[in-house]
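Below are the sequence and a predicted model; questions follow.
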Amino acid sequence: MDRRRPTIHDVAERAGVSVSTVSKAVNGRYGVATATVDAVMAAVAELGYESSLIASSMRSRSTGVIGVLVADFEPFSAEILKGVGEALRDTSYDLLAYSGSRGDEEGWERRSLSRLSGTLIDGAIMVTPTVVKASADVPLVAIDPHTGPADVPIVESDSYGGAREATAYLIGMGHTRIGYIAGRADLRSSIARDAGYRRALADAGIPFDATYVGAGRYREATVREVAIDMLSAANRPTAVFAANDVSAIAILQVAAELGLEVPRDLSIVGFDDIPEATRLPVPLTTVRQPMGRLGAAAVQMLLALMRGETLPATHLRLPTKLVARQTTAPPARYRAG
């Protein structure tokens with residue numbers, strides 16, 4: 001008796017889904033609900049649709065590797081990588097760190113994902129991506145992403161609250177001329193820090209002055225140029241809040257070159273609390289964001305997605321904390337003379 005071998009169309013009809021959904025389900029691709037996968041695999045079993053070959057194919061697609069895609073290996077991403085590595089320590093997954101950016105090129109994540117997903121990694125964590133609508137064959141999570149619409153889960157710190165607290169701290173010391181050197185305008189975190197700075201000024205009744213704000217874009221050379229102009233002005237700020245610690249360290253260097261003593265002549269606050277912040281001759285006052293926890297939280301979200309689970313929340317914001325060290329003090333007029 002000639003019995004026709006079941007086809008993918010038969011499986012699709014039995015499961016009540018499209019042929020493309022069957023293909024994704026049996027090949028273990030991302031983007032198919034767990035219930036749908038179960039329905040497809042039940043139809044596969046009932047019809048005898050090359051089930052052993054399918055199972056083999058699904059097993060062979062697993063690489064046992066989690067990718068972390070970064071624009072550059074700088075202090076922030078390095079601390080994120082430490083958190084990811086620690087979170088993966090007791091799992092069966094290895095970590096692949098990959099930098100595919102060329103300068104400030106937009107869309108570097110797409111190129112990186114096209115090279116890695118489906119063949120080298122089972123899932124990816126993107127750090128400060130320029131886009132968050134990247135399509136891939138593997139689950140994705142973004143840390144500190146671009147400002148645009150997102151279709152992947154996001155993990156970030158409370159940049160608004162941290163910036164507001166840092167600026168309010170300087171105001172509480174008596175500073176009213178407070179400069180701000182911003183980061184990348186395309187990042188959600190940078191926009192939030194700008195808003196937090198402005199809010200703290202407004203709360204204290206201090207008018208916003210655009211001459212006290214400069215765009216450093218997290219580039220040391222650009223930060224130096226902005227800081228030289230800002231600190232050479234006749235009515236210069238008595239304090240500066242920097243959007244990250246690397247920028248704050250550059251401002252410290254500029255202040256020394258201009259003959260300004262920190263914190264006697266200028267107070268400086270950073271953001272991140274990278275290890276270098278405590279190793280400076282004058283340890284840096286900064287806003288600590290939990291970079292290791294950001295990485296660990298992204299891992300937990302990614303592993304859940306890879307198991308086919310529905311996340312209880314797709315946007316996680318972790319708290320920050322002001323860490324007062326030695327680069328801040330009241331302005332000269334408030335000190336006993």
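Noted; the coordinates are in hand.

all contacts plus neighbour counts: C-alpha atoms, from now on.
Noted.

And what about the closest residue to T286 other than its chain neighbours, helix, strand or coil?
Excluding the flanking residues, the one nearest T286 by Cα to Cα, 6 or more residues apart in numbering is G270, at 4.3 Å. Put simply, G270 is strand when judged by DSSP: H, G, I helix; E, B strand; the rest coil.

looking at it, G270 is touching I251, isn't it?
No: applying Cα atoms under 8 Å, one finds G270 not in contact with I251, separated by 9.8 Å.

Low-confidence bits of the stretch 51-200 of the chain, can you list those?
Applying pLDDT under 70 to the stretch 51-200 of the chain picks out residues 51-61, 101-106, 118-119, 132-135, 148-150.

Report the buried residues of stretch 125-143.
Neighbour-count burial for stretch 125-143, counted by 16 or more other Cα atoms under 10 Å, picks out 125-134, 136-143.

got it, and stretch 249-256?
Neighbour-count burial for stretch 249-256 [16+ other Cα under 10 Å]: I249, A250, I251, L252, V254, A255.

ok, now which ones touch the last one?
By that I understand A255. L231, E261, V262, L266 (Cα atoms under 8 Å, 6 or more residues apart in numbering).

By neighbours, which of the residues you listed wins?
L266 (24 neighbours; other Cα atoms under 10 Å).

what sits against that residue?
P237, T238, A239, V240, A255, L260, T328, P331.

is it fair to say M126 lies in a strand?
Yes: per three-state DSSP, M126 lies within a strand segment.

Could you list which of the buried residues of stretch 125-143 belong to strands?
I125, M126, V127, L140, V141, A142, I143 (DSSP state E).

Please enumerate the strands of the chain.
65-70, 94-99, 123-127, 140-143, 154-157, 178-182, 213-215, 239-242, 267-272, 285-288, 315-318, 321-323.

residues near A87, how many?
18.

Which pair of the contacts of L266 spans the longest distance?
A255 and P331 (15.2 Å; Cα to Cα).

Type out the ChimeraX command that picks the buried ones from the contacts of L266.
The ChimeraX selection below is limited to those of the contacts of L266 classed as buried (16+ other Cα under 10 Å):
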select :237,238,239,240,255,328,331
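
and the nearest residue to M230 once chain neighbours are set aside, what does it touch?
Leaving aside its chain neighbours, M230 sits nearest to R236 (6.2 Å; criterion: Cα to Cα, 6+ apart). R236 makes contact with R177, Y212, M230, according to Cα under 8 Å, 6+ apart.

Nothing else from me, thank you.
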